[in-house]
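missing the sequence, but the structure's below:
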């Protein structure tokens, strides 16, 4: 690892960082509305983005710095098991094609800004809405923190901030500056900032991967040599476990773990608030449908990206923290100037999703906690002000989380976030297609899934951690190792269905559904479809 500062790489990195910072502040004037003091404008970009802007925004939202660093890092550490990310991103797009257009339509019709807005409107339950909102915020916080982990990995490899013995403030100052700038332009420009910067971020990532997948194999003697060296290294015994480090291809014993992790992750991905925020920012139902057909291009990129893990093994990269493997590979293989480009891609790849995530979490707090429970008569201007302030608090919280805790803890909390957010699937996706589920049954199912998932994950140990050491455990009744989130989800659904039958039988009071069947297929321009917040959002009964 480089013991000094890589000046050339740092200069290139700073050039792109300054460029996107300027773009972030200028974004406030891009597609600016006459009245920007409402969440439609600040938190959803005016619901005005077309196909390509939405594609870049969703890509920038879903394929983060953590993806760039952690997916190949998983391959580097354990081999083929890390490839689960590729099939899950393939599974997710046919899935979202069935429900995202419906969510866009009903949200556009009623002015919903968050998934909790929809759940409250559909089931007439503030309690269920609150559960979805709190889950979304909890699951998003460690996800934001992991974007910082990605930036820290780049800064560490560049030699910025000094060594481990450096004063903590000096060591973390570059990171503090980066997220201070992020907080400033997110506060001023809202969702328009990451939407504009996403063009630069995705272009850089595609360039870096295209070069890496050609240039690095040439330097390493071709893919035959890469796979041969990686296979030999992965077959060696791990002293901590007494088992092989990994394998080039997953064996029969790993099939349940691999399949359940891929399926559970696919179900969870678009439950995250930032995924929905990017979706609701588009200007029409057709934009969403188009995006579900072209977003798989990112899955191709992800497959190539994963191969970098094998290349790091073949190149002899040795790091104590696996998250540093790919930045170190770039440092070792590329000329300094292109190393700077690659590091900029990772760094900007952290800024875009971190901005969207903080906006999404702030919107959940504002609409479904502040407005629903603290100030029901809040004006759109007050909502926007609170959301801006909360977006800053969310970033500060994530920063404290990363600076004050071990990085492996942050990573495992993100795994827990995936288990949690999956428990909102029955209320959100189920509600988009049927009103049969009873609101109390959905709340009980959510509670059971959250409780089981958290307790099960707490009991998972690893060679380095006693608790929260992973996201896989034996599936009750089957005896195979599987993804805890999917097991919790199945329990959630079973409880929801059984209790719904019971509650319907005893005629328990149902909430009021403020939606109608035609709302789920409405498009922008259809008669009666609002493009601004409807009057109900100003505090009238039934508003959100």
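That came in fine, so what should we check first? Here the structure is a predicted model, which means the values were calculated and not measured. Numbering: from 1, shown residues only.

same question for the helix or strand encompassing residue 155, mean pLDDT?
Using DSSP states H and E, residue 155 sits in helix 126-158. Averaging pLDDT along helix 126-158 gives 88.

what's the helix or strand just after that helix in contact with?
Sequence order places helix 168-189 as the next helix or strand after helix 126-158, per DSSP H and E. The contact list for helix 168-189, computed with Cβ atoms under 8 Å, 6 or more residues apart in numbering, reads 17, 21, 24-25, 27-28, 148, 151-152, 155, 160-162, 193-194, 347, 351, 354-355, 358-359, 388, 391-392, 395-396, 399, 403. The way it works is simple: take the backbone N, C-alpha and C, and place the C-beta from them, glycine included.

Which strands or helices does the host helix or strand of residue 330 pack on?
Using DSSP H and E, residue 330 falls within helix 325-333. Here helix 325-333 touches helix 65-78, helix 126-158, helix 192-220, helix 297-314, helix 336-365, going by 3 or more Cβ pairs under 8 Å, 6 or more residues apart in numbering; DSSP states H and E.

I'd assumed residue 432 was in contact with residue 520.
Yes - using Cβ atoms under 8 Å, residue 520 is in contact with residue 432, at 6.8 Å.

how deep is the closest residue to residue 351 other than its chain neighbours tucked in, by neighbour count?
Excluding the flanking residues, the one nearest residue 351 by Cβ to Cβ, 6 or more residues apart in numbering is residue 182, at 5.4 Å. Residue 182 is flanked by 25 other residues according to other Cβ atoms under 10 Å.

ok, now residue 313?
By the measure other Cβ under 10 Å, the count of residues near residue 313 is 25.

Show residues contacting stretch 506-525.
Residues outside stretch 506-525 that contact it (Cβ under 8 Å, 6+ apart) are 102, 105-106, 108-110, 121-125, 283-286, 432, 435, 438-440, 528-529, 531, 542.

about what we covered before: which members of the contacts of helix 168-189 are classed as buried?
17, 21, 24, 27-28, 148, 151-152, 155, 160-161, 193-194, 347, 351, 354-355, 358-359, 388, 391, 395, 399 (16 or more other Cβ atoms under 10 Å).

Point out where the protein drops to low pLDDT.
The chain contains residues with pLDDT under 70 at 1-3, 33-34, 161-171, 240-241, 404-413, 463-464, 525-544.

Next, the contact list for the residue nearest the centre of it, please.
Nearest to the mean C-alpha position of the chain, by Cα atoms, centre = their mean, lies residue 62 at 5.4 Å. Contacts here follow Cβ under 8 Å, 6+ apart; on that basis residue 62 touches 89, 269, 275, 295, 298, 353.

In CSV: these, plus distance to residue 489 and neighbour count.
Below are the contacts of residue 62 laid out as CSV (distance: Cβ to Cβ, whole Å; neighbours: other Cβ atoms under 10 Å):
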residue, distance to residue 489, neighbour count
89, 19, 24
269, 13, 20
275, 17, 23
295, 23, 20
298, 25, 22
353, 24, 28
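
any idea which of those residues is closest to residue 485?
Minimum distance to residue 485 across the contacts of residue 62 is 11.5 Å, recorded for residue 269 (Cβ to Cβ).

isn't that closest one right up against residue 275?
Yes - at 6.3 Å, residue 269 and residue 275 qualify as touching, with contact defined as Cβ under 8 Å.

so how many other residues sit close to the closest residue in space to residue 481 that isn't next to it in sequence?
With sequence-adjacent residues excluded and distances taken as Cβ to Cβ, 6+ apart, residue 481 is closest to residue 257, at 4.8 Å. A total of 21 residues lie near residue 257 under the criterion other Cβ under 10 Å.

Can you pull the phi/psi pair for residue 256?
As for residue 256, its main-chain torsions (degrees, to the nearest 10) stand at phi -60, psi -40.

What of residue 36?
phi -90, psi 0.

Can you tell me how far the closest residue to it other than its chain neighbours is from residue 281?
Counting by Cβ to Cβ, 6+ apart, residue 36 lies nearest to residue 42, which is 6.3 Å off, once chain neighbours are set aside. Applying Cβ to Cβ, to the nearest Å, the value for residue 42 to residue 281 is 11 Å.

which residues are common contacts for the two?
With Cβ under 8 Å, 6+ apart, residue 42 and residue 281 have common neighbours residue 191.

ok, back up a step: isn't the residue nearest to residue 36 right up against residue 383?
No - using Cβ under 8 Å, residue 42 makes no contact with residue 383, being 9.2 Å away.

and these two? which has more neighbours close in?
Between residue 42 and residue 383, counting by other Cβ under 10 Å, residue 42 is the more crowded of the two (29 against 25).

OK, contacts around that one?
36, 190, 191, 359, 384, 387, 388.

which of those sit farthest apart?
Among the contacts of residue 42, 36 and 359 lie farthest apart (Cβ to Cβ), at 13.9 Å.

so what sits against both of those two?
Contact with both residue 36 and residue 359 is made by residues 42, 190, according to Cβ under 8 Å, 6+ apart.

what sits against residue 95?
Taking Cβ under 8 Å, 6+ apart as the criterion, residue 95 is in contact with 266, 267, 270.

again with residue 77
Counting by Cβ under 8 Å, 6+ apart, residue 77 makes contact with 245, 246, 309, 322.

Dump those residues to JSON lines, plus secondary structure, neighbour count and distance to residue 7.
Output for those, formatted as JSON lines (DSSP: H, G, I helix; E, B strand; the rest coil; neighbours: other Cβ atoms under 10 Å; distance: Cβ to Cβ, whole Å):
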{"residue": "245", "secondary structure": "coil", "neighbour count": "18", "distance to residue 7": "36"}
{"residue": "246", "secondary structure": "coil", "neighbour count": "25", "distance to residue 7": "36"}
{"residue": "309", "secondary structure": "helix", "neighbour count": "29", "distance to residue 7": "28"}
{"residue": "322", "secondary structure": "helix", "neighbour count": "23", "distance to residue 7": "27"}
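
so which of those would you say is closest to residue 6?
For the contacts of residue 77, the minimum distance to residue 6 (Cβ to Cβ) is 20.9 Å, reached by residue 322.
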